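**Student:** have a look at this fold, sequence not included:
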């Protein structure tokens, strides 16, 4: 596949991933949404379906990495780093586009939510923030765009992201061991989506399971840039963890694969 196919495929696929994944977070979080307070189960399955849809759309063009940690793992596994920057660039751009589209789709809900005194506080009362924004550095809708920890402990948070990403990447890499080494074809996207659901349900509680640097960094940049009233901070002091953790996890998974399965 050509570099242009890779870049376009990853941009479109990651945009769809974030549009649907961030969309379910917006649906559950924002006050004027019909799905408000639908809960963690809705978020976990929403992200799973987002992965499935994005993979089916982008696979013919780029192979549907959609995640810098997956791209790094495949590069280590195959000892081929030639297209790493192209994949990463498309993924980051796509994540930013997807996050911007979530804002467009929920524009009225964002305004209603962020001008509600129960959410952002009024002149006669202290600000009341969502669970995702208990830390002063995080605004009340940042959890729609990017992840944040329930307990802020850098070592634990980093370890959680590494562990979750190892599970994801190993599940992706070992699909190629089936069907005479040809992978699972179209069924692979469905299986990967359920792996993401499982990670969300089992390991998502501590940090919100970024397990994808582009998924977190791109939307966090968009949150910082968008003209949202009373949006608060973008929590840049935490932003390195959902980038570094998944990259470490992807590298570990590739190493495990080469030692145990190759």
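**Tutor:** Happy to help now that I have it. Nothing here was measured: the structure is a model prediction, and the numbers come from that model. Residues are numbered from 1 along each chain as shown.
**Student:** so where is this structure shaky, pLDDT-wise?
**Tutor:** Scanning the chain for pLDDT under 70 picks out the ranges 122-136, 176-186.
**Student:** list the contacts for the residue most central in space within the chain?
**Tutor:** Centroid-nearest residue in the chain: residue 215, 3.3 Å away (criterion: Cα atoms, centre = their mean). Contacts for residue 215 (Cβ atoms under 8 Å, 6 or more residues apart in numbering) come out as 14, 17-18, 21, 67, 95, 242. The C-beta positions use only the backbone N, C-alpha and C, and glycine is treated the same way.
**Student:** restricted to helices, list these.
**Tutor:** 14, 17-18, 21, 95, 242 (DSSP state H).
**Student:** pull out the buried residues from stretch 31-42.
**Tutor:** Buried positions in stretch 31-42, judged by neighbour count with 16 or more other Cβ atoms under 10 Å: 33, 38.
**Student:** and for stretch 232-240?
**Tutor:** For stretch 232-240, by 16+ other Cβ under 10 Å, it's 232, 234-235, 238-239.
**Student:** can you lay out those residues as CSV showing secondary structure?
**Tutor:** CSV is the format used below for those (DSSP: H, G, I helix; E, B strand; the rest coil):
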residue, secondary structure
232, coil
234, strand
235, coil
238, coil
239, coil
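**Student:** dump those residues into CSV; add distance to residue 158 as well.
**Tutor:** Formatted as CSV, the buried residues of stretch 232-240 follow (distance: Cβ to Cβ, whole Å):
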residue, distance to residue 158
232, 24
234, 19
235, 15
238, 10
239, 12
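**Student:** pick out whichever of these sits closest to residue 108.
**Tutor:** Nearest to residue 108 among those is residue 232, at 19.5 Å by Cβ to Cβ.
**Student:** next up, phi/psi of the residue nearest to that closest one when sequence neighbours are not counted, please.
**Tutor:** With Cβ to Cβ, 6 or more residues apart in numbering as the criterion, residue 232 has its nearest non-adjacent residue at 2.4 Å, and that residue is residue 139. Dihedral angles phi and psi of residue 139 (degrees, to the nearest 10) take the values phi -80, psi 170.
**Student:** and for residue 138?
**Tutor:** With angles defined as degrees, to the nearest 10, residue 138 sits at phi -110, psi 130.
**Student:** look up the residues forming beta bridges with it.
**Tutor:** Bridge pairing for residue 138 (DSSP bridges) gives the partners residue 234.
**Student:** how close does it get to residue 205?
**Tutor:** Residue 138 sits 17 Å away from residue 205, going by Cβ to Cβ, to the nearest Å.
**Student:** looking at the two, which is more packed in?
**Tutor:** residue 138 (24 against 14; other Cβ atoms under 10 Å).
**Student:** give the contact list for that one.
**Tutor:** Residues near residue 138 by Cβ under 8 Å, 6+ apart: 132, 148, 232-235, 238.
**Student:** now the helices for the stretch 151-262 of the chain?
**Tutor:** For the stretch 151-262 of the chain, applying DSSP state H, counting those that start in this stretch gives helices covering 154-173, 187-203, 213-225, 241-260.
**Student:** ranking these by burial, who's on top?
**Tutor:** helix 213-225 (a mean of 24; mean count of other Cβ atoms under 10 Å).
**Student:** how about residue 174, nearest residue that isn't a chain neighbour?
**Tutor:** In this structure, residue 174 finds its nearest non-sequential neighbour in residue 261, 6.3 Å apart by Cβ to Cβ, 6+ apart.
**Student:** burial count for that neighbour?
**Tutor:** 12.
**Student:** just checking, it touches residue 175?
**Tutor:** No: using Cβ atoms under 8 Å, residue 261 is not in contact with residue 175, being 11.1 Å away.
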